[in-house]
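1. Have a look at this prediction, sequence included:
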Amino acid sequence: MYKILVADDEVVEIKAIKYIINKSMANMFEVFEASNGKELVEKAFHIKPDIIIVDIKMPGINGLEAIAMIKETLPKCRVVVMSAYNYFTFAKEALSLKVDEFLMKPVPADTMIKCFKKLIDLIEINRINEIKNEEMNLKLNNLTHYMEEELIMLFNSGEVKESLVEEFFNVLNVNYKSFMFLAIEICENNDDVNENFKKKVYSEIEKRLKKQCKYTLKNIVCNQFFILLVFDIDISKNSINDILFDTIEEIKKEFNTNLIIGISDYCNLISDISKSFFQAKISLKQNKKENITKYGECDNDKFANYPLINEKKLIKEFILCNKEEVLEIYDELVNWIVNNSDNLDKIKEIIYEILHSTIREAALELKYMDFYRDLQSYKENLFSLDTKTEIRTYSKMFLKEKIKEFIEHKKLNSISFSFLIKEFINKNYSSDITLENVSKVFKISPYYLSKIFKKEEKINFIDYLTEFRMKKACEFLKLSKNNVKEVCYLVGYNDPNYFTKVFKRICGETPSSYRKNNL
């Protein structure tokens, strides 16, 4: 039901319009009345009508003045202006207000009905477009979120390409001149620190820092929150440090929690962002107190020589499933860590982070979606140990089991990842299939799924799905018992008109024509 507000100082005119509505378009409108311009404005703001019918000449505020006021607040409201006088100046002003119709009194009933139907069509088209825009914005936001997370993981693995980061900023139309990375960790010194609490704190940090810069990228990696601050100006190191210190202090007080922060130097080149990531990561590892540590300013500089390059080598060899090389590199890393720190909790955190990152990156590369299965129990067991020897022995044992598991997966899983996706489409093409829900089935981000599928099949996911459905539609159309509408639903479409357009685009003729020519 649509809301319509009729404004006229002549009661007879209002009754005439209501009579036309009740006779020809019953149950479609809820009708409201106004006898002057002031009452029209007040009621419009209160009831928010879909359509306004207004006479120009009314006492006090005239119809056009009232519409000008209403349009500022309700720009989507459809407006029909009526007048008993053919004043050119009124018509000109009505056009400037973007009214939908200008009708001369007396208005014939059929003209009024035609006008209403036209306005209803415009309202419905606008509503459909709004829904589509909302859905598109939601999909864009989800895709952007996934891409942000993947970029942070690529920074962590050292595999991110400058062109990929530049393309990401360009697609989102983000202006950039300087960058700074933060690595943040919550001290788990009370029972209130659970995963939901951490996410809430990290979300609030990101929300407040976002006000101070142009854009932010963020993700949680092994219980550590990494956030890239993107500025569209050359930032002053002192000014940004003041902002960071003030924001962190506010968060600590508000959530009654302790935070450890590692801050990189700021840089002006995209090619230096990876270096900034590791600067923040190193600063966090250097930091043993509940405060903020800036890169290069920590008294204890043992971790300044941390062999980060070995983490990259470890991932590379793990992906290749070179067992001996993996264990050798891992021994070097663990030896360095335990020899340079006496803090058992910090040792556990670093070792867990190394294993988690290595296994995750290898799993993505090898399309092994079950990699996360026992990571949580491993973490719990690792953090329950009491000596460096136990930590070293248990973590290496877990790594041996994982590399063995990946080697078996690589041997048995010679089938390409895109083959599995195509099999899924073959079994589920009649259902609502989207890139997002398929990515959830395979436990991989939509960004990676799309990238891998196109690399292996030389066609993007949506085009493949569409072409597959059209081939199935052709098969169904050859069976005389299936009409076009039934075939539409059988191949996963809900709108027969849209199905027909897609079919014609792919197959070169309408479904009806195809069926006629192939029976």
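-> Yes, it's here.
2. now for the helix or strand encompassing residue 345, which elements pack on it?
-> Element membership of residue 345, judged by DSSP states H and E, is helix 344-366. Using 3 or more Cβ pairs under 8 Å, 6 or more residues apart in numbering; DSSP states H and E, the elements in contact with helix 344-366 are helix 109-157, strand 215-221, helix 308-319, helix 323-339, helix 375-382, helix 388-412. Bear in mind the C-beta positions are built from the backbone N, C-alpha and C, glycine included.
3. Enumerate every residue touching residue 431.
-> Going by Cβ atoms under 8 Å, 6 or more residues apart in numbering, residue 431 touches residue 492.
4. Span of stretch 380-388 from start to end?
-> Counting by Cα to Cα, to the nearest Å, you get 16 Å between the two ends of stretch 380-388.
5. is it true that residue 291 touches residue 261?
-> Yes: using Cβ atoms under 8 Å, residue 291 is in contact with residue 261, at 7.3 Å.
6. between these two, which one's more packed in?
-> Legend: neighbour count by other Cβ atoms under 10 Å for residue 291 and residue 261, higher for residue 261 (22 against 12).
7. Now the element after the helix or strand that one falls within, going C-ward?
-> In this structure, residue 261 sits in strand 259-263 according to DSSP H and E. As assigned by DSSP H and E, the chain's next helix or strand after strand 259-263 is helix 273-286.
8. got the CA positions of that next one in PDB?
-> Only the C-alpha atoms of helix 273-286 are listed here, as PDB (Å, rounded to 0.1, in the frame of the first residue of the first chain):
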ATOM      1  CA  ILE A 273      55.000  -1.200   3.100                       C
ATOM      2  CA  SER A 274      56.200  -4.800   3.500                       C
ATOM      3  CA  LYS A 275      59.300  -3.400   5.400                       C
ATOM      4  CA  SER A 276      57.000  -1.400   7.600                       C
ATOM      5  CA  PHE A 277      55.000  -4.500   8.400                       C
ATOM      6  CA  PHE A 278      58.100  -6.300   9.700                       C
ATOM      7  CA  GLN A 279      59.200  -3.200  11.500                       C
ATOM      8  CA  ALA A 280      56.000  -3.200  13.500                       C
ATOM      9  CA  LYS A 281      56.200  -7.000  14.000                       C
ATOM     10  CA  ILE A 282      59.800  -6.700  15.300                       C
ATOM     11  CA  SER A 283      58.900  -3.700  17.600                       C
ATOM     12  CA  LEU A 284      56.100  -5.800  19.100                       C
ATOM     13  CA  LYS A 285      58.400  -8.700  19.700                       C
ATOM     14  CA  GLN A 286      60.900  -6.400  21.300                       C
END
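9. how distant is it from the center of its chain?
-> On the basis of Cα atoms, centre = their mean, to the nearest Å, helix 273-286 sits 27 Å off its chain's mean C-alpha point.
10. Equivalent analysis for stretch 378-396, please.
-> Taking the mean of its C-alpha atoms, stretch 378-396 sits 37 Å from the chain's own mean (Cα atoms, centre = their mean).
11. which other residues reach it?
-> Here stretch 378-396 makes contact (Cβ under 8 Å, 6+ apart) with 327, 330-331, 334, 338, 344-345, 347-348, 351-352, 355, 398.
12. 7 Å instead, please
-> Contacts to stretch 378-396, defined as Cβ atoms under 7 Å, 6 or more residues apart in numbering, come from residues 330, 334, 338, 347-348, 351-352, 355, 398.
13. Repeat that for stretch 324-340.
-> 302-303, 307, 310-311, 313-314, 317-318, 347, 350-351, 354, 388, 392, 395-396, 399, 403.
14. picking up where we left off before, sheet partners, orientation included, of the strand holding residue 261?
-> Here strand 259-263 is paired, per DSSP bridges, with strand 178-186 (antiparallel), strand 292-294 (parallel).
15. Go through the ones you listed and find the least confident stretch.
-> With a mean of 74, strand 292-294 has the lowest mean pLDDT of those.
16. Run the chain-centre distance for it.
-> That offset, for strand 292-294, works out to 31 Å (Cα atoms, centre = their mean).
17. For it, buried residues please.
-> 292-294 (16 or more other Cβ atoms under 10 Å).
18. With distance to residue 227 added, can I get the residues you listed in a markdown table?
-> Output for the buried residues of strand 292-294, formatted as a markdown table (distance: Cβ to Cβ, whole Å):
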| residue | distance to residue 227 |
| --- | --- |
| 292 | 14 |
| 293 | 16 |
| 294 | 15 |
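19. Wait, a strand at residue 54?
-> Yes: counting by DSSP: H, G, I helix; E, B strand; the rest coil, residue 54 is found in a strand.
20. Tell me who's in contact with it.
-> If you count contacts by Cβ under 7 Å, 6+ apart, residue 54 has them with 7, 40, 63, 66-67, 79, 81.
21. Any idea what it is bridged to?
-> When bridges are called by DSSP bridges, residue 54 pairs up with residue 7, residue 81.
22. how close does it get to residue 318?
-> 72 Å (Cβ to Cβ, to the nearest Å).
23. Same check on residue 274?
-> Applying Cβ to Cβ to residue 274 and residue 318 gives a distance of 20 Å.
24. So for the strand holding residue 261, mean pLDDT?
-> Across strand 259-263, pLDDT averages out at 86.
25. Now do the same for the closest residue in space to residue 317 that isn't next to it in sequence: its pLDDT.
-> The shortest distance from residue 317 to any non-neighbouring residue, by Cβ to Cβ, 6 or more residues apart in numbering, is to residue 325 (4.2 Å). For residue 325, the model assigns a pLDDT of 88.
26. Can you report how many residues neighbour residue 325?
-> For residue 325, the neighbour count with other Cβ under 10 Å is 15.
27. Check residue 322 too.
-> Residues near residue 322, counting by other Cβ under 10 Å, number 15.
28. shift numbering so it begins at 28
-> That works, and once the first residue is 28, the last one we named lands at residue 349.
29. Dihedrals phi and psi, it?
-> phi -90, psi 90 (degrees, to the nearest 10).
30. That one and residue 428, how far apart?
-> Distance of residue 349 to residue 428, given as Cβ to Cβ: 16 Å.
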